[in-house]
Structures are given as structure tokens and as C-alpha cells.
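1. turn this into a model:
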Amino acid sequence: MNKKLLFIPLVLFMGLVVMFMIQLSRNADGDDPTKLESVLVGKPVPQFKLEDLVEAGKLYEQDIFMGEPLLLNVWATWCPTCYAEHTYLNQLASEGVKIIGLNYKDERLKAVRWLNELGNPYLHSLFDGNGMLGMDLGVYGAPETFLIDANGIIRYRHVGDVNDRNWNETLKPMYEALIEEAQG
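-> Modelled structure (predicted):
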């Protein structure tokens, strides 16, 4: 009886190995582990009322997403990947890409200092200190970036940093198509 019990850990271990192999083969076949589908794709940005990050008391609502295609970038000072992507966002903004920032579950003073020191690529900076808008958007963490059309409809969700590769391969063609659509 004791000899049979020795095989149970081996069988469990082999089962885990098979599960890992299946998952690895999925990713090797082109599945993108950073692509998390959002139930909000195709729907308007959720209703909200949030303060400006820098100007406490100045409120924004979802109408700031109307009029032209833009990116909504979720970021925080506690996020090392956000730090890595920030230079690229500044570059995109200098090239005319419209970006709204959502400072997510962060300390306001640290976030303001960050923008003062590293540059501010955002048309508007929303302060989501309690993370409620992030939760409504289905945010798992920072950074995440949403592509929003001129009618305030979420068209795409990107998890992870925006960098040269994913901007040029995925986000830029979609962003440019939305600009053409808006000019109509």
C-alpha cells in the first residue's frame, strides 16, 4: 500500500508538466498573453466624474473622450513598467497623438512630481485614487491603454507598455484608421 502512495506525487507532477506544455504551445502558436479581451470593447467609456490630477477640484466627465480618437493610458508611479513606457508616450504626444492619462490607485503628490520631472504627455490627467474608474474599465493593473474613437467608444485594449513595436504593429494602424473614420 505504501508503494502506491509514492506514485501520487509523480502523477500530480506529470499532470502539471502536461498543463504547462499545453499553455506554452498555445503561446508559441501566436496567442498573445498580454491581450486581454475587454467586455467594454465596442461600448462607451463608463460614466465617471473625476478630478484633474494637478488641479484638485477641476472635474472631468466622459465627454472628454468625444470629438477625436485618442488613447486612454492607465499609469501609476508605483508601476516600473509605466516608468519605462513614459518616454515613449512623451514622444507620441510630441508627434500629435492625443493621450488622456488615468493615474490609477496612486498618491497625487507623487504623480504630479512624476509629470513635472519626466514630462506630461497627457491632454488631461484624471486622478483615480480609489481605482473606481479603473475597476469599471476592467483594469487589472498598470499600464493599460485603451484606444477610444471620436464617439467615446472603446475600440481596443492593450495590456502592458506602449512601445515602438506594439505601437507600429498594432496601435498606430488602428489609431490612424479611427482618425480617417472621424474625418469621414
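
2. drop to CA atoms for contacts and neighbour counts, all remaining ones
-> Fine.

3. can you report how many residues neighbour the closest residue to Q62 other than its chain neighbours?
-> Excluding its sequence neighbours, the residue lying closest to Q62 (CA to CA, 6 or more residues apart in numbering) is Q47, at 5.7 Å. By the criterion of other CA atoms under 10 Å, Q47 has 11 neighbours.

4. am I right that Q47 is in contact with I64?
-> No: taking contacts as CA atoms under 8 Å, Q47 lies outside contact range of I64: 11.0 Å.

5. measure how buried A84 is and give me the count.
-> 13.

6. what's the separation between it and P173?
-> From A84 across to P173, the span is 23 Å (CA to CA, to the nearest Å).

7. what pairs with the most centrally placed residue in the chain across the strands?
-> The chain has E144 as the residue nearest its centroid, 1.0 Å off, counting by CA atoms, centre = their mean. Following DSSP bridges, E144 is listed with bridge partners V74, V159.

8. how about it, what does it touch?
-> The contact partners of E144, by CA atoms under 8 Å, 6 or more residues apart in numbering, come to 73-75, 157-161.

9. just those residues now: which is nearest M132?
-> Of all the contacts of E144, V74 has the smallest distance to M132: 12.4 Å, by CA to CA.

10. that closest one against D106, yeah?
-> No: the pair V74 / D106 is not scored as a contact, 11.0 Å apart, by CA under 8 Å.

11. so which of those two has more stuff around it?
-> V74 (26 against 18).

12. quick check, pLDDT for the more buried one.
-> pLDDT for V74: 98.

13. list the contacts of it.
-> Taking CA under 8 Å, 6+ apart, one finds 101-104, 134, 142-145 in contact with V74.

14. ok, now G101?
-> 72-75, 122-126.

15. so for E68, what's the nearest residue that isn't a sequence neighbour?
-> A150 (4.0 Å).

16. what is the burial count for the one you found?
-> Using other CA under 10 Å, A150 has 17 neighbouring residues.

17. you'd agree it is up against P69?
-> Yes: in terms of CA under 8 Å, A150 counts as a neighbour of P69; the distance is 4.5 Å.

18. let's verify I154: helix, strand, or coil?
-> strand (DSSP: H, G, I helix; E, B strand; the rest coil).

19. what's opposite it in the beta bridge?
-> I148.

20. quickly note the distance from it to F48.
-> From I154 to F48 the distance is 15 Å (CA to CA).

21. out of those two, which sits in the busier spot?
-> Applying other CA under 10 Å to I154 and F48 shows that I154 carries more neighbours, namely 26 against 13.
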